[in-house]
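Asks: sequence unknown, structure follows:
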């Protein structure tokens, strides 16, 4: 197993279309983990969510998040992040973001999923990464 450099972490996050697992903090302090689609934008991760979802309510109360993105195919790799979320409720560019994210995961269906996700999700979450670690060749 070897540690990933900051550049390798960024490359890992940008390559392939791995679903991230995002943890938020519930009111009673327990972690709440959900799969999310994301894109990297500069030094931030961008996720769209429903403001009424558990993760939306949690982030409105406590902006701390933990995220992991992994590649389960041997030799396996993963990145774990901590960050602070900033919420943008119904921004004018919501459709742009849902379309960019859909293009990453389902390029053949982006024309349908970008607008559909903009109808379902009403919030952009910008996650400023405060800590990042990653490992590759986990099973080597």
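Replies: Noted; the coordinates are in hand. This one's a predicted model, so the numbers in the text were calculated from it and none came from an experiment.

Asks: Ramachandran coordinates for the residue nearest the centre of the chain?
Replies: The centre of the chain sits closest to residue 38, judged by CA atoms, centre = their mean, with a distance of 4.0 Å. The phi and psi values for residue 38, taken as degrees, to the nearest 10, are phi -150, psi 170.

Asks: For it, give me its contacts.
Replies: 20, 45-47, 67, 101 (CB atoms under 8 Å, 6 or more residues apart in numbering). For the C-beta atoms, the positions are set from N, CA and C on the backbone; glycine is no exception.

Asks: Quick check: chain neighbours aside, which residue is closest to residue 137?
Replies: Of all residues beyond its chain neighbours, the one nearest residue 137 is residue 75 (4.6 Å), with distances taken as CB to CB, 6 or more residues apart in numbering.

Asks: pretty sure that neighbour is in contact with residue 2, am I right?
Replies: No - at 10.1 Å, residue 75 and residue 2 do not qualify as touching, with contact defined as CB atoms under 8 Å.

Asks: Much appreciated, bye for now.
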